[in-house]
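In: Kindly generate the corresponding structure for this input.
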Amino acid sequence: MELDRTEPGDVPPLIVAAPEGETHGAGRRELKAVLRLATPVVLVQIGQLLFGVVDTMMLGRVSKEALAAGALGHAISFGILAVPMGLLMALDPLVAQAHGAGDRDRAARHVARGLVAALYLSLPACLLIGGVGPYLGLLRQQPELVPLASQYLLALVPGVPAFLLFLTLRQTLQAMSIVRPAMIAVVVANTINVFANYLLIFGGLGLPPLGVLGSALATSLSRWTMFLVLALATGSLLGGAWRRHLRGSWRLAAQRDLLRIGLPISVHQSLEFWLFTTVGLLMGALGAAEFAGHQIALNLAALSFMVPLGIAGAAATRVGNAVGRLDASAAKRAATVCLLLGGAVMVVSAAAFYLLPRQLARLFTPDTEVLAMAAMLIPVAAAFQIADGTQVVGAGILRGVADTRFAAICALVGFWGIGLPTGILLAFPFRLGPAGLWWGLTAGLAVTAALLVLRIRRRLQRPVAELLAEKAPLVDNPSLAPHGGAPEEETPWATR
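Out: Coordinates of the predicted model:
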């Protein structure tokens, strides 16, 4: 493909003329590359979600109170963890662009800073998760759920550092298109989680039945398993390049880039998590059956959401690598392919939700009251599947170019300015109950998705060097010629 001719000092155009056949061929190659990267990422995301799904399915066989209490504790803990998770996801553009530019030392420096940040962030997260339980009664939750949810939250605390350290290593490897080790770690940890849940919830091999408490202890054990397995694999893949940067990483000034890019991601993630958590709390105020049915529908929606979430991770990597190489046309091509792919898979899941609500609900509970509630909500969840997939992939694309503030603003407007007020209005004054809250979620997600797509279109019509000029700390050598970094299909630190 031949670039348009420019004078010295001109910025290379983002859209480069190319023969039609070559453009189509590049699109097919991009789709294959995205699928090759996204498939293991999706499996990792689904594997992480399965921890909560297994908890829900097993606790649903104890009692609806146990199911609701475990779900409440899980929702609260992830609402708290959304802040450190968002900060650590700044490693997506930081490492991806360094990798794309072929700058191994800069990538290693970001790895070291991410590991230190994970340890810093573990302390406040542990304090909040362990200490919030006694105050759940202030949120108008059912009195019988509060002590059980408090036990669950306290038993999650030991696994928090392992979870954040795992996330750091996973984001680093993913940004370098190395995804197999995380997939293996999640498979091993899920196997441990299934057996540990069964033994600790119901008792066995001399262990007493612990119910909700046992479920949380199994989750903590599984998170340490997941981190240790990935750490063993990462040591051989990344080598020791990052170790020499550890000493300087403890200074708060060294965390500047992580904070600058990660804080908006953290705000976006927190707004989204707390939207669903707030809706869950409103469901809990309606009753245990309503909350349990909501949680089943949410588990199913979250399971299908893992596919576009994995595509979003691939989008951040592919777009970030292309920006690091100053390959503008590749960045736009990756964004287009990922958006279309994310929308397509959510059409399929939406159809399954609409056609098979009762069959899907029966996978989680035999309780007829909870089953009826879940079967009513699952078809509503089908309505927001496409918007949900589009907004998360859109956020991943913008993360690849380190444009994270706009996504946070979109989340504030769409989720909290439109979604939650609409849901409350429909649920209570209009007396639609739980379904009204879900229709509110749909409205908020649709607005957020539309705003993000418009932003992507505007951003990717601009010269790629202009993007880099705005994000100067990410690129140590902005004068790099196009394709001057690592080749598109090369992993310089290790083989995949």
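
In: Helices along the stretch 351-496 of the chain, start to end?
Out: 357-361, 368-383, 385-400, 405-411, 420-427, 434-459, 464-470 (DSSP state H, counting those that start in this stretch).

In: Tell me the buried residues in the helix or strand hosting Thr219?
Out: Using DSSP states H and E, Thr219 sits in helix 212-238. By 16 or more other Cβ atoms under 10 Å, the buried positions in helix 212-238 come out as 212-230, 233-234, 237-238. For every residue, glycine as well, the C-beta is placed using N, CA and C.

In: show me the contacts for the most centrally placed residue in the chain.
Out: For the chain, the residue nearest the mean C-alpha position is Leu309 (5.8 Å; Cα atoms, centre = their mean). Going by Cβ atoms under 8 Å, 6 or more residues apart in numbering, Leu309 touches Val42, Gln45, Val392.

In: Let me know the distance separating the first one from Gly204.
Out: When distance is defined by Cβ to Cβ, to the nearest Å, Val42 is 33 Å away from Gly204.

In: ok, the two, which is more surrounded?
Out: Val42 (22 against 12; other Cβ atoms under 10 Å).

In: Mind telling me what element the more buried one is part of?
Out: Here Val42 is assigned to helix 20-59, by DSSP H and E.

In: quick one: average pLDDT of that helix?
Out: Averaging pLDDT along helix 20-59 yields 77.

In: tell me which strands and helices that helix is in contact with?
Out: helix 64-88, helix 180-202, helix 212-238, helix 288-324, helix 328-355 (3 or more Cβ pairs under 8 Å, 6 or more residues apart in numbering; DSSP states H and E).

In: where are the low-confidence patches of this protein?
Out: Scanning the chain for pLDDT under 70 picks out 1-24, 139-141, 235-255, 462-496.

In: follow-up on the earlier one: buried residues in the helix holding Val42, which are they?
Out: In helix 20-59, counting by 16+ other Cβ under 10 Å, buried: 26, 30-31, 33-34, 37-59.

In: With stretch 276-288 instead?
Out: By 16+ other Cβ under 10 Å, the buried positions in stretch 276-288 come out as Phe276, Thr277, Thr278, Val279, Gly280, Leu281, Leu282, Met283, Gly284, Leu286, Gly287, Ala288.

In: Including distance to Leu340, could those residues go into JSON lines?
Out: Below are the buried residues of stretch 276-288 laid out as JSON lines (distance: Cβ to Cβ, whole Å):
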{"residue": "Phe276", "distance to Leu340": "26"}
{"residue": "Thr277", "distance to Leu340": "31"}
{"residue": "Thr278", "distance to Leu340": "32"}
{"residue": "Val279", "distance to Leu340": "29"}
{"residue": "Gly280", "distance to Leu340": "32"}
{"residue": "Leu281", "distance to Leu340": "36"}
{"residue": "Leu282", "distance to Leu340": "35"}
{"residue": "Met283", "distance to Leu340": "34"}
{"residue": "Gly284", "distance to Leu340": "38"}
{"residue": "Leu286", "distance to Leu340": "38"}
{"residue": "Gly287", "distance to Leu340": "41"}
{"residue": "Ala288", "distance to Leu340": "41"}
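
In: Same list, those residues, but as TSV with distance to Val188 and secondary structure please.
Out: Shown next, in TSV, are those (distance: Cβ to Cβ, whole Å; DSSP: H, G, I helix; E, B strand; the rest coil):
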residue	distance to Val188	secondary structure
Phe276	28	helix
Thr277	29	helix
Thr278	34	helix
Val279	33	helix
Gly280	30	helix
Leu281	34	helix
Leu282	37	helix
Met283	34	helix
Gly284	34	helix
Leu286	39	helix
Gly287	38	coil
Ala288	34	helix
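
In: and which of these is nearest to Ala82?
Out: Thr277 (9.0 Å; Cβ to Cβ).

In: For that closest one, which non-adjacent residue is spatially closest?
Out: Leaving aside its chain neighbours, Thr277 sits nearest to Gly79 (4.3 Å; criterion: Cβ to Cβ, 6 or more residues apart in numbering).

In: okay, now that neighbour: neighbour count?
Out: Counted with other Cβ under 10 Å, residues neighbouring Gly79 total 23.

In: I'd assumed Phe273 was in contact with it.
Out: Yes. Counting by Cβ atoms under 8 Å, Gly79 touches Phe273, with 4.8 Å between them.

In: Spit out the residues that contact these two alike.
Out: What both Gly79 and Phe273 touch, as defined by Cβ under 8 Å, 6+ apart, is an empty set.

In: re the thing from before, where's the residue nearest to Thr277 relative to Leu138, distance?
Out: According to Cβ to Cβ, Gly79 stands 15 Å off from Leu138.

In: go on, Arg457?
Out: Shown here: Arg457 relative to Leu138, a distance of 44 Å by Cβ to Cβ.

In: for Arg28, same thing?
Out: From Arg28 to Leu138 the distance is 56 Å (Cβ to Cβ).

In: Neighbours of Leu205, how many?
Out: 6.

In: So it sits against Tyr198, correct?
Out: No. Between Leu205 and Tyr198 there is no contact under Cβ under 8 Å: 10.1 Å.

In: who touches both of these two?
Out: With the criterion set as Cβ under 8 Å, 6+ apart, the contacts of Leu205 and Tyr198 do not overlap.
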